[in-house]
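[1] Give me coordinates for this.
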Amino acid sequence: MKNIPISAMIGLFFTGLYFLIAIFAPLLAPYGMAEIVGDVWEPSSSEFLLGTDSIGRDLLSRMIYGGRTTIFIATAATILSFTLGSVMGFFAAVSGGWVDQTLSRFVDLIMSIPSLIFALVVLSVMPTTVPILIILMGLLDSTRVYRLARAVAVDITVMDYVEAARLRGEKIGWIIFRETLPNALSPLVAEMGLRFIFAVLFVSTLSFLGLGVQPPQADWGGIVKENKEGINYGIQAALYPAYAIATLCISINLVADWILTRTTSLKGGRG
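    Model prediction:
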């Protein structure tokens, strides 16, 4: 612990705190997620620590459940994007030739379309459910992961130990998971933190636009949308989820920066 900088410790603390709150949301929330318990936009009190929202629901409970939804969707989408993107990137780099060119040009085609516009078009014709959001976000973000994984893997595949594996007759699966992946973990882990941040911001943006998590379910972007009119009257209900999004993103970024600085971007061998 003594080698961990203060910034990383702060990031780890808040990241862990948010994830614990998300895991134990039903135990921590004083009221139900959609339960109307008071008047519209009541101020903070001993009964409602953050006040109530635009229709009288406890804002603290909405924030806790909203954090659970936001973190779950972002985590699942990040795992999906890294699983798909890294495997495709490694496969393209190891295979080379027409396989590499075909996958790379397909990814370039998808990346040429702005992600938000692509998502809005898809969600306008498909049911907006949590599984659909996770799959859509994971597929869109996997293109970014593909570019990173392929770039790292291209450098690794020219190493002597990879050539030795080829000469031994090892198959592509062995080269990807036993030779390439262990030596590409450092940049991928650091990038995973950044991808998680973008996933949080992306799902919050979709919910704010009305095409993300649907009521009565709560997520931080949706809470901002539901209470944005209160800003005109000096009510801070819409600012609390904005603070939560900013705090979580900064915390993850601090941890990702620490991981990136303490590991090499590319290792010369398995060691």
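
[2] contacts, neighbours, all on C-alpha from now
    Fine.

[3] which sections of the stretch 151-271 of the chain are below the confidence cut-off?
    Low-confidence regions of the stretch 151-271 of the chain, defined by pLDDT under 70, span residues 263-271.

[4] same thing but 50
    Counting by pLDDT under 50, the stretch 151-271 of the chain shows low-confidence ranges at 264-271.

[5] which residues of it fall in helices?
    Taking DSSP state H, counting those that start in this stretch as the criterion, the stretch 151-271 of the chain contains helices spanning 160-167, 172-174, 181-208, 220-227, 239-262.

[6] so which of the ones you listed is the most packed in?
    helix 220-227 (a mean of 24; mean count of other Cα atoms under 10 Å).

[7] ok, and what's touching it?
    Around helix 220-227, the neighbours that count as contacts under Cα atoms under 8 Å, 6 or more residues apart in numbering are 53-54, 62-63, 66-67, 70, 203-210, 212-214, 237-239, 241-242, 244-245.

[8] Now do that helix: distance to the chain's middle.
    Distance of helix 220-227 from the chain centroid (Cα atoms, centre = their mean, to the nearest Å) equals 19 Å.

[9] can you give me the angle that helix makes with helix 239-262?
    Relative orientation of helix 220-227 with respect to helix 239-262: 160 degrees, computed using axes from the mean of the first three to the mean of the last three Cα atoms, to 10 degrees.

[10] From here on, call the first residue 742.
    Will do, 742 is the new start, and the previous item becomes helix 961-968.

[11] Extract the CA atoms of helix 961-968 and return them as CSV.
    Taking C-alpha atoms only, helix 961-968 is exported to CSV below (Å, rounded to 0.1, in the frame of the first residue of the first chain):
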residue,chain,number,x,y,z
TRP,A,961,-28.1,8.6,-13.3
GLY,A,962,-28.7,10.0,-16.8
GLY,A,963,-32.4,9.4,-16.5
ILE,A,964,-32.5,11.1,-13.1
VAL,A,965,-30.9,14.2,-14.6
LYS,A,966,-33.5,14.2,-17.4
GLU,A,967,-36.4,13.8,-14.9
ASN,A,968,-35.3,16.7,-12.7
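
[12] List the residues that contact the closest residue to Phe789 other than its chain neighbours.
    Among residues not flanking Phe789 along the chain, Asp799 sits closest, at 6.2 Å (Cα to Cα, 6 or more residues apart in numbering). Residues touching Asp799, when contacts are defined by Cα under 8 Å, 6+ apart, comprise Tyr772, Glu776, Ile777, Val778, Gly779, Phe789, Leu791, Gly792, Thr793.

[13] Do I have it right that the last one meets Trp782?
    Yes. Counting by Cα atoms under 8 Å, a contact exists between Thr793 and Trp782, whose distance comes to 4.8 Å.

[14] Settle it for me: which of these two has more neighbours?
    Neighbour comparison, Thr793 and Trp782: the larger count goes to Thr793, with 26 against 21 (by other Cα atoms under 10 Å).

[15] Identify, by residue count, the longest helix of this structure.
    Counting residues, the longest helix found in the chain (DSSP state H) is helix 800-836.

[16] Centre of the chain to it, how far?
    Between the centre of helix 800-836 and the centre of its chain there are 5 Å (Cα atoms, centre = their mean).

[17] What about the closest residue to Arg809 other than its chain neighbours, how many residues nearby?
    For Arg809, ignoring the flanking residues on the chain, the nearest one in space by Cα to Cα, 6+ apart is Ala763 at 4.1 Å. Here the neighbour count serves as a burial measure; for Ala763 (other Cα under 10 Å) it reads 21.

[18] Burial check on Ile745, number of neighbours?
    Here the count is done by other Cα under 10 Å, and Ile745 has 10 residues near it.

[19] Let's verify it: helix, strand, or coil?
    When states are read from DSSP: H, G, I helix; E, B strand; the rest coil, the local structure at Ile745 comes out as coil.

[20] distance of it from Ile812?
    Here the distance between Ile745 and Ile812 works out to 25 Å (Cα to Cα, to the nearest Å).

[21] list the contacts for the residue lying closest to Met852 once chain neighbours are set aside?
    Residue nearest to Met852 in three dimensions, not counting chain neighbours: Thr884, with 6.8 Å by Cα to Cα, 6+ apart. Taking Cα under 8 Å, 6+ apart as the definition of contact, the neighbours of Thr884 are Ser822, Gly826, Val848, Ile851, Met852.
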